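>>> compute the structure for the input listed below.
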Amino acid sequence: MFTMTHDNWNVPIHVWLSDESQVDALCMEQASHLARLPFLHKRVCLMPDTHAGMGMPIGGVIATEGVIIPNAVGVDIGCGMAFCGTDIPVERLREQKTGGSIVEGLIADILRSIPVGFSHHKNPQSCYTLDAAYDDMELYIADTPLCGQLEAGYYQVGTLGGGNHFIELQEDQDGCLGIMVHSGSRNFGKQVCDYFHRTARDLNLKWHSEIPDEWRLAFLPLDSAEGRQYVNWMNLALAFAAENRARMMYAVRSKLEKWMAQRVGVPFQYTEDINCHHNYAALERHGSRDVWVHRKGATRAQAGELAVIPGAMGSFSYVVEGLGNKQSFCSSSHGAGRQYSRKGAMQAFSAEEVMTDLAKRDVVLGKHNKKDVAEESRFAYKDIDEVMDQQKDLVKPLKKLRTIGVVKG
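Numbering: from 1, shown residues only. All right, here's what the predicted structure looks like:
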C-alpha cells in the first residue's frame, strides 16, 4: 500500500498497490476529484482491483459526513456475491455417463431455468422485499417513476442479468463443490441511481455547488428530504439484490439436489452460506465519527466477517475472512478488476480463443450467445492471485475455488 498527497487535496489517497504506475490515468483523475471533496472523512481508498468507473473509480472506498453521493454507490446498487459450500467431491460430478457428466447437465439445467441477460420471468414472482415496500410506501416517493420499478421488480427477482454477472460451480482446495452467484438489483438499482443522480445535479446547480458537474459526483445532504429518500430507495435496492441472489442460489441448490438424487444417490451437506454486497453506502462508526462509507466495487471486511472475492471466468475465486483494517474503512477488493474494457477485450481476444481456453481448463460454459464471450475472458481481468497478494492486510483467504462450470448472460 502507498499513500499520495497533494496541496489541492483535502485528504490523502491510499492505494493498495505497489506504485502509482499500476493505476490508470483516468482512475487516478477520478480519485483526485474525490480527494478534493469538502465533506470527505480521513482519506480516499483504492483497492488493488481499482479501475475507472462513472464519477468514482470501481474498487474505491470513501467515507462522507452529512452527505451521500449516488454515483459513489453506482448504478448496480447491491451488486454482490452469494456462496454456498458443500461436501460433494467434484470428481463424482465429472464422471461421464449416458447423457454426459452431472456438471454438464447441471449447467444446462440452470441456463434453462434462470433468465439471463435482458430476459425476465414471463410471470410475476413472489418477492417479500417488494411486498414489504408496498406495505410501507410512506418511506418512498409516491409520485415518481421509481414506483413503477416496484412492479417491474416482480418479473426481475431471481434473474441473473448480463455483463460480469455469473453463476459458477467451483472446486475448492479439498476437491469439494462450491456454488457462487454474482448479481445485483437488475434494472431496479440503475433506475434508482439515475433518478437520484439527476435530482442531486439539479439541487447542486441550484445551490451553486463548487463541485464541477463534469466530475459526476453530485451529492445529497442527508438532512434533506431528497437525501433521506435516496437512502430509503438504496436500502430497498440492497434488500432486493440480496433476495435476488438468494432466489437464484435456492434454484441452483434445488437443481443440484435433483441431479445428485438421480445420478449419485448419496446424501450431502451444505457448509458456508454467504450473501454480501459490494456496491452500497452504509452508516458506520469509524474512529469517533459516524460516517457514510461508500463502497463502489469494494467488499466490507470487518474483523472476522466472511466475504467472497471472485476472479474471472475460468480462473480462481476466494472465500475470505475480514481483518478489520481501519485504514481501508474495513474494506477489500470486490474481485480481480478489469484490465481491458469490454470493447477492448472483444478487440484483443476472439471468441474462439476464449472457448478453447475454457475447454483446456475443463470448464463447462452455459451461454445462449457466445459471440461476446471475450468480454468476460479471464485475460480481460487482472490476476486474482496478484490482487490477493496486495491485500494481505485486509483479508485472510479461507478457501481457493477453481471454476468448473459457469452460466453467463
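>>> pull the longest helix from the protein.
helix 225-263 (DSSP state H).
>>> and the next element down the chain from it?
strand 270-277 (DSSP states H and E).
>>> give the buried residues for that next one.
274, 275, 276, 277 (16 or more other Cβ atoms under 10 Å). For the C-beta atoms, the positions are set from N, CA and C on the backbone; glycine is no exception.
>>> got the angle between the helix or strand following that strand and helix 225-263?
Helices and strands here follow DSSP H and E; after strand 270-277, the next one along the chain is strand 279-286. Using axes from the mean of the first three to the mean of the last three Cα atoms, to 10 degrees, the inter-axis angle of strand 279-286 relative to helix 225-263 is 110 degrees.
>>> all strands of the stretch 1-150 of the chain, in order?
Assigned by DSSP state E, counting those that start in this stretch, the strands in the stretch 1-150 of the chain fall at 2-4, 13-15, 40-51, 58-64, 67-68, 80-89.
>>> against which helices or strands is the biggest strand by length in the chain packed?
The longest strand of the chain (DSSP state E) is strand 395-408. Contacts defined by 3 or more Cβ pairs under 8 Å, 6 or more residues apart in numbering; DSSP states H and E place strand 395-408 against helix 90-94, helix 102-113, strand 166-171, strand 176-183, strand 306-309, strand 316-322, strand 364-366.
>>> relative to residue 71, which of those is closest?
strand 176-183 (20.7 Å; Cβ to Cβ).
>>> which residues sit against that closest one?
By Cβ atoms under 8 Å, 6 or more residues apart in numbering, the residues outside strand 176-183 that reach it are 79-90, 93, 159-161, 164-172, 241, 244-245, 248-249, 252-253, 256, 308, 310, 317, 319, 399, 401.
>>> next one: stretch 6-16
1-5, 23, 31-32, 34-38, 40-48, 50, 327-328, 333, 390-391, 394.
>>> from the strands of the stretch 1-150 of the chain, which stretch is densest packed?
strand 58-64 (a mean of 27; mean count of other Cβ atoms under 10 Å).
>>> figure out how far that one is from the centre of its chain.
When C-alpha coordinates are averaged (Cα atoms, centre = their mean, to the nearest Å), strand 58-64 and its chain have centres 14 Å apart.
>>> angle of it against strand 40-51?
170 degrees.
>>> list the neighbouring strands of strand 58-64 plus their orientation.
If you go by DSSP bridges, strand 58-64 pairs up with strand 40-51 (antiparallel), strand 289-296 (antiparallel).
>>> quick one: those strands as JSON lines, columns for mean pLDDT too.
Shown next, in JSON lines, are the strands paired with strand 58-64 (pLDDT from 0 to 100):
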{"stretch": "strand 40-51", "mean pLDDT": "97"}
{"stretch": "strand 289-296", "mean pLDDT": "97"}
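>>> any chance of those in CSV, with distance to residue 15 too?
Formatted as CSV, the strands paired with strand 58-64 follow (distance: least, Cβ to Cβ, whole Å):
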stretch, distance to residue 15
strand 40-51, 4
strand 289-296, 15
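>>> and of the ones you listed, who's closest to residue 147?
Of the strands paired with strand 58-64, the one closest to residue 147 (Cβ to Cβ) turns out to be strand 289-296, at 25.1 Å.
>>> contacts for that closest one?
With Cβ under 8 Å, 6+ apart, strand 289-296 has contacts from 41, 53, 56-65, 67-69, 72-74, 222, 277-286, 329, 331, 334.
>>> now residue 280: how far from residue 270?
Between residue 280 and residue 270 the distance, using Cβ to Cβ, to the nearest Å, works out to 26 Å.
>>> residue 60: what's it in contact with?
30-31, 34, 44-47, 50, 53, 72, 294, 296-298.
>>> so what's residue 324 up against?
301, 302, 303, 304, 305, 330.
>>> which SSE is it in?
According to DSSP H and E, residue 324 maps onto no helix or strand at all.
>>> which residue packs closest to it, ignoring adjacent ones?
residue 303 (3.0 Å; Cβ to Cβ, 6 or more residues apart in numbering).
>>> for the one you found, helix, strand, or coil?
Following DSSP: H, G, I helix; E, B strand; the rest coil, we place residue 303 in the coil state.
>>> wait, it touches residue 326, no?
No: using Cβ atoms under 8 Å as the test, residue 303 is too far from residue 326 to be in contact (10.0 Å).
>>> ok, residue 172 - contacts?
Residue 172 neighbours (Cβ under 8 Å, 6+ apart): 85, 178, 399, 400, 401.
>>> neighbours of the second one, how many?
The reference is to residue 178. Neighbour count of residue 178, defined by other Cβ atoms under 10 Å: 24.
>>> now it: how far from residue 319?
From residue 178 to residue 319 the distance is 8 Å (Cβ to Cβ).
>>> do the same with the last one
Plainly put, residue 401 is 7 Å away from residue 319 if you go by Cβ to Cβ.
>>> measure stretch 32-44 end to end?
End-to-end span of stretch 32-44 (Cα to Cα, to the nearest Å): 9 Å.
>>> run through who's touching that stretch.
Contacts for stretch 32-44 (Cβ under 8 Å, 6+ apart): 6, 8-14, 31, 55-56, 60-67, 72, 210-211, 215, 217, 219, 286-287, 289, 291, 327.
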